[in-house]
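Asker: Everything below, folded, please.
(2 chains)
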Amino acid sequence: DAGVIQSPRHEVTEMGQEVTLRCKPISGHNSLFWYRQTMMRGLELLIYFNNNVPIDDSGMPEDRFSAKMPNASFSTLKIQPSEPRDSAVYFCASSFKDRASEQYFGPGTRLTVT
Amino acid sequence: DQQVKQNSPSLSVQEGRISILNCDYTNSMFDYFLWYKKYPAEGPTFLISISSIKDKNEDGRFTVFLNKSAKHLSLHIVPSQPGDSAVYFCAASARSGNNRKLIWGLGTSLAVNP
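Answerer: Numbering: from 1, shown residues only, chains lettered A, B, ... in the order given. Next comes the predicted model:
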């Protein structure tokens, strides 16, 4: 049984470019979470969806960040334009809505913005 | 302002001995607590959890203790094994309407030496 799938695993881009991160949650899970991990701030929740609907996007740092979940099996996190301070590891996680605390994480995307 | 604090960034233990990882929280509304384990280049994986109505939960070599009056929880690993070497994250959640989200500590890196 496949876990949460994220792509790409690594992304190196120049400042000002658009970056799109992708996530396929575990089949049957109805909650999806996007996190950012940095050394200084640890794991920060950016946004989460229940049944494809964004519930809480208060962690999205600024308007340059946007996330979509067009269907139950796919989500994107977009940064436009990217900046060096966006460099981090971005994780996607999924869970059952009624067990939202027990989340299954993907392997992460390591983003480097130069 | 960190609502979940793991004050020890690292811990080193001898194989076979007990590992004790600590976590403090500030929000009295948290009612569910979890520990996740993370290996390099992987996402965090769920390890063990405890509800605020309990003070102890045990799963094999892993036991989590909760002291609500002190707003403190700890993870005990007995006996410690080299394969337990990883970063351990404490997380807490509170219900907000029909939704939950996790608030994470910064992690403690455990090294179990053979």
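Asker: tell me the phi and psi of the residue nearest to the spatial centre of chain A?
Answerer: Centroid-nearest residue in chain A, with CA atoms, centre = their mean: residue A:34, separated by 3.2 Å. Main-chain dihedrals, residue A:34, degrees, to the nearest 10: phi -110, psi 130.
Asker: Strands along chain A, start to end?
Answerer: A:5-7, A:10-13, A:19-24, A:31-38, A:42-50, A:53-56, A:65-71, A:74-79, A:88-95, A:104-105, A:109-113 (DSSP state E).
Asker: Now the element after the helix or strand that contains residue B:37, going C-ward?
Answerer: If you go by DSSP states H and E, residue B:37 is part of strand B:32-38. Next along the chain after strand B:32-38, taking DSSP H and E as the criterion, comes strand B:45-51.
Asker: Which single residue of chain B ends up nearest chain A?
Answerer: In chain B, the residue that lies nearest chain A is residue B:43 (2.8 Å; CB to the nearest CB). The way it works is simple: take the backbone N, C-alpha and C, and place the C-beta from them, glycine included.
Asker: what's the distance between the residue nearest to that residue when sequence neighbours are not counted and residue B:99?
Answerer: Closest residue to residue B:43 apart from its sequence neighbours, by CB to CB, 6 or more residues apart in numbering or on different chains: residue A:105 at 2.8 Å. To residue B:99, residue A:105 is 19 Å away according to CB to CB, to the nearest Å.
Asker: Check the offset of stretch B:30-42 from the chain's centre.
Answerer: 7 Å (CA atoms, centre = their mean, to the nearest Å).
Asker: List the buried residues of it.
Answerer: The neighbour-count check on stretch B:30-42 (16 or more other CB atoms under 10 Å in any protein chain shown) flags B:30, B:32, B:33, B:34, B:35, B:36, B:37, B:38 as buried.
Asker: Which ones among the residues you listed also lie next to chain A?
Answerer: B:32, B:34 (CB under 8 Å from any CB of the partner chain).
Asker: Having no further points to raise, I will conclude here.
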